[in-house]
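A.B. asks: Sharing a model prediction with you, sequence too.
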Amino acid sequence: MELNDLQQARAQKLEQLRAVGHDPFPPRVKRSHTIAALRDRFSTLEAEHTTVEIVGRLMLRRPTGGSTFAQLVDETGRIQLFLSKKDVGPAAYKLFVDTTDLGDIIAVEGYPFHTKTGEATLFVQHWQMAAKALTPLPDKHAGLQDTEARLRRRYVDLLVNDDVRERFRLRAQIVKAFRDYLDGQGFVEVETPMLHPVYGGAAARPFLTHHNQLHQDLYLRIASELYLKRLIVGGFERVYEIGKDFRNEGVDRSHNTEFTMMECYQAFADYHDMMRLTEEMITYVARQVLGTTTIEYAGEVVKLDAPWPRITMRDAIDESTGIDIKMAATLEQLTSEIRARHLHVDTKPTWAKLVDELFSEYVQPRLQQPTFIIDYPQPLSPLAKRIASDPDYVERFEIFVLGSELGNAFSELNDPLDQEQRFLEQGRDYAAGDDDAMQMDVDYLQALMTGLPPTGGLGIGIDRVVMLLTNQSTIREVILFPHLRRLSDTQSEATEVEQTDGEIIDH
RNA sequence: GGGCCAUUAGCUCAAUGGUAGAGCAACUGACUCUUAAUCAGCAGGUUGUAGGUUCGAGUCCUACAUGGCUCACCA
């Protein structure tokens, strides 16, 4: 590892410390109080002249000859330190001034007092290096601004940008609130495989990997859906999973290669039940973490209170474009309706995909307040149950807020023979060039043949909910380590990596 | 993948085609109640990479890399 000038200067201080018998990386240090705990009891501790032990990172440092002020930060807060040559001792004082740098983690012992200007301060009697930092922190005022540097060195971003750290605390609370809600409703949290021999449950292209010993190709899951429904077959009536899905698709401000999905399934429920559950869950989460169901996002006020409007896809498209997809029920009719109205929509190979395109183009951007779009054309939904009175459509809904899709749900298709036909249809789509089509999953069909109760299923993109509740416009601001392209100097060596059996790792 | 923009010291940013600078951080020194401490001094660069134009390129041109915005693809 090559050290730059600044790192070398700090490395020399390691030797300086060792030369006088101080370990710059001691195995442990003493801590009697977090900084927040010290602040909470500050006046009492000050009155009792109690000695406390504090640890933290040195963020500011002002040596003034025989005394030094500094600021120490731990996860709970920030406090000023005061060291004087007289009280800490000339040798220890000199060592502090000579060997500490901004960014070092140090341990101090002392007692609380107030300075002349009234600032709560720790009067340090002993100090010790807890972990020397060789790389300096960014500019103490300007911080780290460069987006790429912030994402590649997220640990620095978290250290110097308080709002970023707060945002990820909020994310943790959001995920916990989802769990609390579902647990409270009697859902059982389960873990299903991430390595799938057959991929399915969503329209997406998968990542391919390989098990060496079993000589078996495996896919990183694109959804947990099909396994969770097997559990409903197995007698669990309410299950959920919060975990990563992986989709081999483009990355943009609302898509990351791997992302966190919450999926839940409830036996003897249908999509209407799932709509009520969705509204209740999202408002619960918002209340828990923000204390309100009215949020502001990029200047737009969004009211999350239930109930949310339910609009059929047919009505939504009709309202926005004047086209009744029920009347224009073939690709040719729909195409001519679109032409007649001079709408700008890409051509699509099937009627259903053209409907989807029409919706994405003319309806979705207008859905600012939370809205359920319900009753989708069947060919877009290979896992959803048909509407009994209208079998070309299925009992399905998607949730839209601020023009973005937050979730997807349906009454689950539990007729194994219909499901088999749907898979066959997907196979034909795949052969016709639809890379997102699902694979035939015989094992899943066998599960359905054992009997899946009428079931409602729901999937919610957790990252998108976090974006909404933290007022962020890009997904990478709510993912700690979002996927970034490799840096070019590592690229040539990395592509040489091969597994021993000759299977090239999928890059 | 297309279009546009950016890339200069560890960080934040300057620099009509004419000797690459500042603040913070570092280093040397002064200073025992500071608050982005102050003061004096000193050092730090293959201007993202590779080419090209030019007497001369951080600046103009081309390609590439990474990032940003945007469009497309994609739930």
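C.D. replies: Looks like it came in fine.

A.B. asks: Provide the partner residues of A:T209 in its beta bridges.
C.D. replies: With DSSP bridges as the criterion, A:T209 is bridged to A:L218.

A.B. asks: Might one say that it is in contact with A:Y199?
C.D. replies: No - judged on Cβ atoms under 8 Å, A:T209 makes no contact with A:Y199 at a distance of 11.5 Å. All C-beta atoms are positioned from the backbone trio N, CA, C, and that covers glycine.

A.B. asks: Identify the contacts common to those two.
C.D. replies: A:Y219 (Cβ atoms under 8 Å, 6 or more residues apart in numbering).

A.B. asks: who has more neighbours, the two?
C.D. replies: A:Y199 (23 against 15; other Cβ atoms under 10 Å).

A.B. asks: got the contact list for the more buried one?
C.D. replies: By Cβ under 8 Å, 6+ apart, the contact set of A:Y199 is A:206, A:219, A:221-222, A:438-439.

A.B. asks: Run through the bridge partners of the residue nearest to A:E412 when sequence neighbours are not counted.
C.D. replies: The shortest distance from A:E412 to any non-neighbouring residue, by Cβ to Cβ, 6 or more residues apart in numbering, is to A:T455 (4.3 Å). Here A:T455 shows beta-bridge partners A:A267, assigned using DSSP bridges.

A.B. asks: okay, now A:T455: neighbour count?
C.D. replies: 24.

A.B. asks: Also A:R428?
C.D. replies: Using other Cβ under 10 Å, A:R428 is surrounded by 10 other residues.

A.B. asks: Need the pLDDT of it.
C.D. replies: Looking at A:R428, its pLDDT is 89.

A.B. asks: In which helix or strand does it reside?
C.D. replies: helix A:416-431 (DSSP states H and E).

A.B. asks: Would you mind listing the buried residues in that helix?
C.D. replies: Within helix A:416-431, the residues scored as buried using 16 or more other Cβ atoms under 10 Å are A:416, A:418-420, A:422-423, A:426, A:429.

A.B. asks: Stretch A:160-168 too?
C.D. replies: By 16+ other Cβ under 10 Å, the buried positions in stretch A:160-168 come out as A:160-161, A:164, A:167-168.

A.B. asks: for the residues you listed, which one is nearest A:V52?
C.D. replies: If you rank the buried residues of stretch A:160-168 by distance to A:V52 using Cβ to Cβ, A:V160 comes first, at 26.2 Å.

A.B. asks: show me what contacts that closest one?
C.D. replies: Applying Cβ under 8 Å, 6+ apart, the residues contacting A:V160 are A:137-138, A:143-144.

A.B. asks: Nearest to RNA strand B: which residue in the stretch 301-450 of chain A?
C.D. replies: With Cβ to the nearest atom of the strand as the measure, A:D436 is the residue of the stretch 301-450 of chain A nearest to RNA strand B, at 3.1 Å.

A.B. asks: where does A:M313 fall, phi/psi-wise?
C.D. replies: A:M313 adopts backbone torsions of phi -60, psi -40, taken as degrees, to the nearest 10.

A.B. asks: State the number of residues packed around it.
C.D. replies: 23.

A.B. asks: Also A:A388?
C.D. replies: Around A:A388 there are 7 other residues, counting by other Cβ under 10 Å.

A.B. asks: roughly how far apart are it and A:V164?
C.D. replies: 50 Å (Cβ to Cβ, to the nearest Å).

A.B. asks: and if you look at A:T294?
C.D. replies: Computed as Cβ to Cβ, the A:T294 to A:V164 distance reads 25 Å.

A.B. asks: Kindly report the same for A:M327.
C.D. replies: 51 Å.

A.B. asks: Show me the helices in the stretch 351-500 of chain A, by range?
C.D. replies: A:351-362, A:416-431, A:442-451, A:462-470, A:488-494 (DSSP state H, counting those that start in this stretch).

A.B. asks: what does the stretch 151-300 of chain A put close to RNA strand B?
C.D. replies: By Cβ under 7 Å from any atom of the strand, the residues of the stretch 151-300 of chain A that approach RNA strand B are A:151, A:202-205, A:247, A:249-250, A:252-253, A:255.

A.B. asks: So which of those sit within helices?
C.D. replies: Judged by DSSP state H, the subset of these located in helices is A:L151.

A.B. asks: and the two most separated of the residues of the stretch 151-300 of chain A next to RNA strand B?
C.D. replies: Most distant of these, by Cβ to Cβ, are A:L151 and A:A203, 28.4 Å apart.

A.B. asks: Which residue ranges make up the domains of chain A?
C.D. replies: Following automatic domain parsing, chain A resolves into domains at A:5-137, A:160-309+A:369-494.

A.B. asks: Comparing these by mean pLDDT, which bottoms out?
C.D. replies: domain A:160-309+A:369-494 (a mean of 93).

A.B. asks: ok, back up a step: which of the buried residues of helix A:416-431 lies closest to A:K176?
C.D. replies: Of all the buried residues of helix A:416-431, A:Q419 has the smallest distance to A:K176: 35.2 Å, by Cβ to Cβ.

A.B. asks: C-terminal to the longest helix seen in chain A, what's the next element?
C.D. replies: The helix that spans the most residues within chain A, counting by DSSP H, is helix A:162-184. As assigned by DSSP H and E, the chain's next helix or strand after helix A:162-184 is strand A:188-189.

A.B. asks: In its sheet, which strands sit next to that following strand, and in what direction?
C.D. replies: Its sheet considered, strand A:188-189 pairs with strand A:238-246 (parallel) by DSSP bridges.

A.B. asks: buried sites along the strand it pairs with?
C.D. replies: Using 16+ other Cβ under 10 Å as the test for burial, strand A:238-246 gives A:238-242, A:245-246.

A.B. asks: Among those residues, which one lies nearest to A:P63?
C.D. replies: A:I242 (49.1 Å).

A.B. asks: which residues does the residue of chain A positioned farthest from its centre contact?
C.D. replies: Here the centre of chain A is the reference, and by Cα atoms, centre = their mean the most remote residue is A:K86, at 51.1 Å. Residues in contact with A:K86 (Cβ under 8 Å, 6+ apart) are A:G66.

A.B. asks: tell me the secondary structure for it?
C.D. replies: helix (DSSP: H, G, I helix; E, B strand; the rest coil).

A.B. asks: ok, it to A:T321 distance?
C.D. replies: Distance from A:K86 to A:T321, by Cβ to Cβ: 81 Å.

A.B. asks: With A:P416 instead?
C.D. replies: Counting by Cβ to Cβ - A:P416 and A:T321 are separated by 37 Å.
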